[in-house]
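Engineer: sequence first, then the predicted structure, then my questions.
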Amino acid sequence: MEEASSSSRREANDQTNVCNCKNKNEDEITVTEPKISKQTEGAQSSIDDQGEDEYYARYWPLYRMIEKNDWRGVEDFVTNHPDALTATTVAPGSTTIFHAIVESLVDVESDDATCLLDKLASKVDPQTLARQDVHGQTALYQCAGKGNLRALKVLVKYNPDLTTIRNKGDILPVHVAAYEGHKDTFQYLLEVTREVDIYSGYDGANMLSCLIDANLYDVALDLLKLHPTIGRDNINSRRVVLNSLARKPYAFESGSRLGRLQRLIYNSPSIKSIHEQKLAHMQAVEIVRIICKEVVWTCQGIELDWALFTAARLGIHEFVNEFIMAYNRTTDVLNEDRRNIFDVAVLHRREKVFNLIHRVNYTTDLFSTEGNSGNNILHLAAKLVPSSEVAGAALQMQRELQWFKAVEKLIHPAMLGDENSSKKTAREVFTEEHKELVKEGEKWMKETASSCSVVAALIITVVFAAAFTVPGGSDSRGIPNILHEPSFMIFAISDILALFSSISSVLMFLGILTSRYAEDDFLLSLPRKLIIGLVTLFFSIASMMVAFGATVHISLSHKWNLVIIPIALVGCVPVTLFALLQFPLLLDMYSSTYGRSIIIDSSWRELASCDLVD
């Protein structure tokens, strides 16, 4: 150990000096002894003799100069008061002058400060540099936390053993550099931390966990591939790493809330930021796969259940899928509430996790009510689960019904009438839990339909009147004078389309206003009426603007023939505004009604039925 330590010291001393200051200033700091290790006891006793307040007052000017980055003043003060180099309370919360200087370099990393740190460190013995503050942190530990690589190299040069000194939380400098996301500092500390095996046991697992917390998935993945034991030498190490990943849903594609355009780009990366995000997601999945690989899935495997159920609760289906691929009896693992991962997925409305049900070996007790207050999985689907991802009470109610219907199709018909400990069936629980949501959905639907009906009625009035006051006038028989003009035909057709589409829109909204608003109406009937109503209303507005443009062109075609161009552009404005304002609602309603169902594997129902029969 002594040989390794001396070798490490020699290598650190052979490093290139990070201080580039001129040699003429090397001797400006003078002290009574070449190394000031013997002054430590005297400095400590001075605290006892003079009192802590007086000791603070003595070095307060030095602290203020460090705080103001007055490095020349600091140099002069130390020259006049050499005992400041070994003082234990130079500044509040800092044990030595080195702590204070490093702390001041958070925002200012000047050459003068680094050179001064190099000079001061050369005047003391390694033990002085190894002093810890009230939190057990050395000056080098602070450098690692701040990402100050230059100052850190100076301290390592004079005491390589600083990299192995832990704080009171048993954390090494390399760990805090990883946690704060200082990649360069972390890489350097990996190279110089040699007397401690940082790649095994808790140290290795904690290092991976810190890298994951800092979103440095590429670095974590590289370490996993280079060191076969890191994070995998025992079940506790695996649990530490997986728990960190399970708390980070945004590390996976399923947890990233990308817009529709971003999702399109994500599926075919061409923009750097989206590509990097996708790469990070792939790296996170690969980390889970490596950690889960070669686990002895006995009773010890259950020790990883916190990470498994956290991922299921947060909807990280990639994480849960890796568990299922590594252990095909994952559904046998229950949480403290005696629920399996699919119970949790239903309870928190995580459809992608729930869709993994077709990857497990089906057993008849998968939807068991044992130890779950008598609730089977359909009772869990019947509970109200508010969601920030679904906008509007009507869409929320529709989604709740979709979940209930999807789970209802999966369970055996004999379970439909099961009662829980409160003597309630799943349908009774659903009605009781959602009665307020039904009222809110009804109110929202009626307000939307009423507002749109007013607009549609105004369009009917305008286009109906325009049909009997055609541009260009009519002869004595009522036949339009410009019947054979192309502009007139455009006017006539668009006016008729506007009238019929606006009438259809009014009828759809009237159907919404007069609906009975039963629970099941929110599943398909009401959303379909609203979709048709919005589409026909948009079409009527567009047709009306075309009819208006054709009329203006007829009236001004002889003198102002080119006026049709600006009129057409202006006429597009209200149509565009309506599309921009209503399109998000229409798209959400359409995708929720006619988009992908919650259960995407249609063969699962047949598989479950066959298994039950057998």
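Structural biologist: Looks like it came in fine. Numbering: from 1, shown residues only.

Engineer: residue ranges with poor pLDDT in the stretch 1-150 of the chain?
Structural biologist: For the stretch 1-150 of the chain, the stretches flagged by pLDDT under 70 are 1-56, 90-94, 106-110.

Engineer: okay, which residue is most central for the protein?
Structural biologist: The residue lying closest to the centre of the chain (C-alpha atoms, centre = their mean) is Tyr250, at 3.2 Å.

Engineer: surely it forms part of a strand?
Structural biologist: No - under DSSP: H, G, I helix; E, B strand; the rest coil, Tyr250 falls outside any strand and is assigned helix.

Engineer: do you know how far it is from Arg289?
Structural biologist: To Arg289, Tyr250 is 19 Å away according to C-beta to C-beta, to the nearest Å. Yep, even glycine has a C-beta here, placed from its N, CA and C like the rest.

Engineer: and after the longest helix along the chain, which helix or strand comes next?
Structural biologist: Longest helix in the chain, counting residues (DSSP state H): helix 426-467. With elements assigned by DSSP states H and E, the helix or strand that comes after helix 426-467 is helix 486-513.

Engineer: got the angle between the next helix-or-strand element following that next one and helix 486-513?
Structural biologist: For helix 486-513, the following helix or strand on the C-terminal side (DSSP H and E) is helix 525-556. Calculated by axes from the mean of the first three to the mean of the last three C-alpha atoms, to 10 degrees, helix 525-556 forms an angle of 160 degrees with helix 486-513.

Engineer: tell me the buried residues in helix 525-556?
Structural biologist: For helix 525-556, a neighbour-count test (16 or more other C-beta atoms under 10 Å) marks 525-554 as buried.

Engineer: what are the structural domain limits within this structure?
Structural biologist: Domain segmentation of the chain under automatic domain parsing yields 1-168, 445-594.

Engineer: tabulate those in a markdown table, adding columns for distance to Arg399.
Structural biologist: Output for the domains of the chain, formatted as a markdown table (distance: least, C-beta to C-beta, whole Å):
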| stretch | distance to Arg399 |
| --- | --- |
| domain 1-168 | 45 |
| domain 445-594 | 7 |
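
Engineer: among the ones you listed, which comes closest to Ile274?
Structural biologist: domain 445-594 (21.1 Å; C-beta to C-beta).

Engineer: which residues does Trp60 contact?
Structural biologist: Residues counted as contacts of Trp60 (C-beta atoms under 8 Å, 6 or more residues apart in numbering): none.

Engineer: how far away is Ile324 from Arg289?
Structural biologist: The value you get for Ile324 to Arg289, if C-beta to C-beta is used, is 12 Å.

Engineer: now do Ala121
Structural biologist: 45 Å.

Engineer: and the two? which has more neighbours close in?
Structural biologist: Ala121 (22 against 16; other C-beta atoms under 10 Å).

Engineer: the more buried one is in contact with Val156, isn't it?
Structural biologist: No - if you go by C-beta atoms under 8 Å, Ala121 and Val156 don't touch, sitting 10.1 Å apart.

Engineer: quick one: average pLDDT of stretch 585-594?
Structural biologist: Averaged across stretch 585-594, pLDDT comes to 88.

Engineer: give the buried residues for it.
Structural biologist: Buried residues in stretch 585-594, counted by 16+ other C-beta under 10 Å: 585-586, 588-590, 592-593.

Engineer: okay, and which of the residues you listed map to helices?
Structural biologist: 585-586, 588-590, 592-593.

Engineer: so where is the stretch 301-450 of the chain shaky, pLDDT-wise?
Structural biologist: Ranges of the stretch 301-450 of the chain meeting pLDDT under 70: 301-302, 361-366, 368-372.

Engineer: just give me the neighbour total for Ser122.
Structural biologist: What Ser122 shows, counting by other C-beta under 10 Å, is a neighbour count of 15.

Engineer: equivalent analysis for Ala406, please.
Structural biologist: 17.

Engineer: check Arg72 too.
Structural biologist: 11.

Engineer: what's the answer for Leu347, then?
Structural biologist: Neighbours of Leu347 (other C-beta under 10 Å): 19.

Engineer: from Ala100, how far out is it?
Structural biologist: Separation of Leu347 from Ala100 (C-beta to C-beta): 53 Å.

Engineer: helix or strand for the nearest residue to Asn335 once chain neighbours are set aside, which one?
Structural biologist: Using C-beta to C-beta, 6 or more residues apart in numbering and skipping the chain neighbours, the partner closest in space to Asn335 is Phe309 (4.9 Å). Per DSSP H and E: Phe309 is located in helix 305-314.

Engineer: check which helices and strands that helix sits against.
Structural biologist: Contacts defined by 3 or more C-beta pairs under 8 Å, 6 or more residues apart in numbering; DSSP states H and E place helix 305-314 against helix 235-246, helix 317-326, helix 341-347.

Engineer: residues in contact with the residue nearest to Asp133 when sequence neighbours are not counted?
Structural biologist: Leaving out its chain neighbours, the residue that sits closest to Asp133 by C-beta to C-beta, 6+ apart is Thr95, at 4.3 Å. With contact taken as C-beta under 8 Å, 6+ apart, Thr95 is in contact with 88-89, 131-134.

Engineer: count of residues packed around Lys435?
Structural biologist: Neighbours around Lys435, by other C-beta under 10 Å: 11.

Engineer: and it, how far from Leu384?
Structural biologist: To Leu384, Lys435 is 9 Å away according to C-beta to C-beta.

Engineer: nearest to Ser515, of the contacts of Thr95?
Structural biologist: Using C-beta to C-beta, the contacts of Thr95 come closest to Ser515 at Val134, 68.5 Å.

Engineer: could you check how far that closest one is from Gln142?
Structural biologist: As judged by C-beta to C-beta, Val134 and Gln142 stand 13 Å apart.

Engineer: which one of these two is surrounded by more residues?
Structural biologist: Counted by other C-beta under 10 Å, Val134 and Gln142 do not tie: Gln142 has more neighbours, with 26 against 9.

Engineer: wasn't the more buried one part of a strand?
Structural biologist: No - under three-state DSSP, Gln142 sits outside any strand and is assigned helix.

Engineer: could you check how far the residue lying closest to it once chain neighbours are set aside is from Thr86?
Structural biologist: The shortest distance from Gln142 to any residue other than its chain neighbours is 4.7 Å, reached at Val102 (C-beta to C-beta, 6+ apart). Counting by C-beta to C-beta, the separation of Val102 from Thr86 is 17 Å.

Engineer: quick check on these two: which one has the bigger neighbour count.
Structural biologist: More crowded of Val102 and Thr86, by other C-beta under 10 Å: Val102, with 29 against 25.

Engineer: let me know the secondary structure of that one.
Structural biologist: Val102 - assigned by three-state DSSP - is helix.

Engineer: please report how far it lies from Ile341.
Structural biologist: Counting by C-beta to C-beta, the gap from Val102 to Ile341 is 47 Å.
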